[in-house]
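S.K.: Fold the following, please.
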Amino acid sequence: MKLQLVGCSHHTARLELRERIAFSPEQTRAALGALRVRFPDIEAVVLSTCNRVEIYTATEAEVGPSHQDVVQFLAEFHGLDPYDLFDDLFERTGEDAVRHLFYVAASLDSMVVGEPQILSQVKQAYETATTLESTGQLTHAVFQAALKVARRVANETSINQRRTSIPSVAIHDYAKQIFERFDDKQVLVIGAGEMGEETLRYLTDDGARKVTIVNRSPEKAAELAAAFHGRAAPWEQMSELLVAADLVISTTGSTEPIVTRKQFDQIEPRRFQRPLAILDLAVPRDFESSIGECLGVYLYAVDDLAKACEKNRKAREKEWPAAEKIIEEETARFMAELNHRATAPTIRRLRETCEEIKELEYRRLVNKLPELDERVQEEIHQSFNRLVNKMLHPPLESLREGATTGEHHGLLDALKRLFKIGD
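M.R.: Next up is the predicted model:
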């Protein structure tokens, strides 16, 4: 059996390369079909996210597609030169591939450790491959084990609860303290930069639906609004939008506050003391700090969020060893089960061979001694059984121990040669 992974991530490859070899959902389905045509005897799963592109292949045979084969496939699929890709694509096989997938699913290999999106992306990649009948016994086993590992890490550590990016902290550690739900809240995003987009992504994942975006460049506002099924509004409507808003995310590049205390004092009476959460992620700040003194206003600036990020990062570092221990335990367990599976056919054939020899010799003896009554015959038969079992016990025990430690390959080869067991 062979399990292999070829791919790249934000750890190993620049963004430009990841963009060139990324797969859209439609391309993923096409790639799985093409892999099945090129390598008919393999199982395959394609995992493609903004931070990684990984192709997992598995085969019951000892030989499958090589690192070079998968690179060649990737290059041809995307119309690239394989020599431009090879050095940036890493390979993992066997136990290393299993451990890597477990780290990925548990979000320990993510750009933001503990972020929850990667688990759903791993699950979706596996489900897509399964729907297209591209998976099999080995990929079923390893991906289901990966989902189990991710659940263990989430349940037994707090690493997934410790947000370390400013946008994730802004939504999960601050906005959620004010609002239990976002689907009925009016969200105003001021600015259309990367920080606002990332914050908006977390917010929509948590159910936000009523999103309005304003930006000094109307084109950028319209582009971001289209991406998140929101609406763009003119900058000049800022005051009216602040009156209606429940949650404000501000991320402009302005060098001066875009909302002063004097301006907000004119807006405040029209809000009738409804709660307003303002996540001011701009540097310099977009909202004058004294606005946070107004009744019902919860104003948080980048410094507030950065302190929470650092606190969470330190708490997460303490949880890392516990998460790693879970992954090592589950990797060892999975490899032991996999190795037992690999030894099972040889054990079965060895037992069958010995059983045939035992029965032949028993029948030969009984035929030579017809005077033996049934009780004696049964006693002799049981003695033959015990003899065979005792003779087989040491080599089979060694084989089971070797499966646990990963040293079974040499023992399997030796048993096959000594007992002339064919494949």
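S.K.: What is the helix or strand encompassing residue 352 packed up against?
M.R.: Element membership of residue 352 [criterion: DSSP states H and E] is helix 302-368. On a contact count with 3 or more C-beta pairs under 8 Å, 6 or more residues apart in numbering; DSSP states H and E, helix 302-368 meets helix 94-105, helix 137-156, helix 166-169, helix 374-405, helix 408-419. C-beta: built from backbone N, CA, C; applies to glycine.
S.K.: winner for burial among those helices?
M.R.: Of all these, helix 166-169 has the most neighbours on average by mean count of other C-beta atoms under 10 Å, namely a mean of 23.
S.K.: and that helix, what's its mean pLDDT?
M.R.: Regarding helix 166-169, the rounded mean pLDDT is 79.
S.K.: swap in stretch 75-89?
M.R.: Stretch 75-89 shows a mean pLDDT of 91.
S.K.: ok, residues contacting that stretch?
M.R.: Contact with stretch 75-89 is made by 6-8, 12-14, 17, 20-21, 27, 30-31, 34, 67-68, 70-72, 74, as judged by C-beta atoms under 8 Å, 6 or more residues apart in numbering.
S.K.: Output the helices and strands packed on helix 302-368 as TSV; include the columns distance to residue 337.
M.R.: Conversion of the helices and strands packed on helix 302-368 to TSV gives the following (distance: least, C-beta to C-beta, whole Å):
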stretch	distance to residue 337
helix 94-105	11
helix 137-156	8
helix 166-169	36
helix 374-405	9
helix 408-419	12
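S.K.: Residue 361: which of those helices is closest?
M.R.: helix 374-405 (7.1 Å; C-beta to C-beta).
S.K.: got the angle for that closest one vs helix 302-368?
M.R.: Compare the direction of helix 374-405 with that of helix 302-368 by axes from the mean of the first three to the mean of the last three C-alpha atoms, to 10 degrees and you get 150 degrees.
S.K.: before we move on, back to that, could you give the average pLDDT over the helix holding residue 352?
M.R.: Across helix 302-368, the average pLDDT comes to 82.
S.K.: Use 170 as the first number from now on
M.R.: Shifting the count to begin at 170 puts that one at helix 471-537.
S.K.: tally of neighbours for residue 197?
M.R.: Residues contacting residue 197 under the criterion other C-beta atoms under 10 Å number 20.
S.K.: Touching, it and residue 300? I think so.
M.R.: No. Counting by C-beta atoms under 8 Å, residue 197 does not reach residue 300; the two are 11.0 Å apart.
S.K.: Residue 525: which of the helices and strands packed on helix 471-537 is closest?
M.R.: When these are compared by C-beta to C-beta, helix 543-574 sits nearest residue 525, at 10.7 Å.
S.K.: For that closest one, which helices and strands make contact with it?
M.R.: Under the contact criterion of 3+ C-beta pairs under 8 Å, 6+ apart, helix 543-574 touches helix 471-537, helix 577-588.
S.K.: Serialize those helices to JSON lines and add fields for distance to residue 550.
M.R.: Formatted as JSON lines, the helices and strands packed on helix 543-574 follow (distance: least, C-beta to C-beta, whole Å):
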{"stretch": "helix 471-537", "distance to residue 550": "6"}
{"stretch": "helix 577-588", "distance to residue 550": "23"}
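S.K.: so which of the ones you listed gets nearest residue 383?
M.R.: Among the helices and strands packed on helix 543-574, helix 471-537 comes nearest to residue 383, with 19.8 Å by C-beta to C-beta.
S.K.: what's the angle from that closest one to helix 306-325?
M.R.: Using the same axes, to 10 degrees: helix 471-537 against helix 306-325 is 130 degrees.
S.K.: Okay, angle between helix 471-537 and helix 263-274 too, please.
M.R.: In terms of direction (the same axes, to 10 degrees), helix 471-537 departs from helix 263-274 by 140 degrees.
S.K.: Spit out the contact partners of the most centrally placed residue in the chain.
M.R.: Nearest to the geometric centre of the chain sits residue 274, at 2.6 Å (C-alpha atoms, centre = their mean). Taking C-beta under 8 Å, 6+ apart, we find residue 274 in contact with 287, 288, 291, 315, 316, 318, 319.
S.K.: Out of those, which two are the most distant from each other?
M.R.: Farthest pair in those (C-beta to C-beta) is 287 and 318. Separation: 12.5 Å.
S.K.: which residues of the stretch 320-469 of the chain fall in strands?
M.R.: Ranges of strands within the stretch 320-469 of the chain are 355-359, 379-383, 400-401, 416-419, 445-449, 466-470, based on DSSP state E, counting those that start in this stretch.
S.K.: angle of the last one against strand 445-449?
M.R.: Note on geometry: by the same axes, to 10 degrees, strand 466-470 and strand 445-449 are set 10 degrees apart in direction.
S.K.: Return the list of helices and strands in contact with strand 466-470.
M.R.: Under the contact criterion of 3+ C-beta pairs under 8 Å, 6+ apart, strand 466-470 touches strand 445-449.
S.K.: Go ahead and measure how far the strand it packs on is from the middle of the chain.
M.R.: Relative to the chain's own centre, strand 445-449 is displaced by 32 Å; criterion: C-alpha atoms, centre = their mean, to the nearest Å.
S.K.: orientation of it relative to strand 355-359 in degrees?
M.R.: Using the same axes, to 10 degrees: strand 445-449 against strand 355-359 is 20 degrees.
S.K.: sorry, back to before: could the strands of the stretch 320-469 of the chain be laid out in JSON lines, adding mean neighbour count and distance to residue 207?
M.R.: What follows is the strands of the stretch 320-469 of the chain, written out as JSON lines (neighbours: other C-beta atoms under 10 Å; distance: least, C-beta to C-beta, whole Å):
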{"stretch": "strand 355-359", "mean neighbour count": "24", "distance to residue 207": "45"}
{"stretch": "strand 379-383", "mean neighbour count": "22", "distance to residue 207": "44"}
{"stretch": "strand 400-401", "mean neighbour count": "16", "distance to residue 207": "45"}
{"stretch": "strand 416-419", "mean neighbour count": "25", "distance to residue 207": "47"}
{"stretch": "strand 445-449", "mean neighbour count": "26", "distance to residue 207": "49"}
{"stretch": "strand 466-470", "mean neighbour count": "20", "distance to residue 207": "53"}
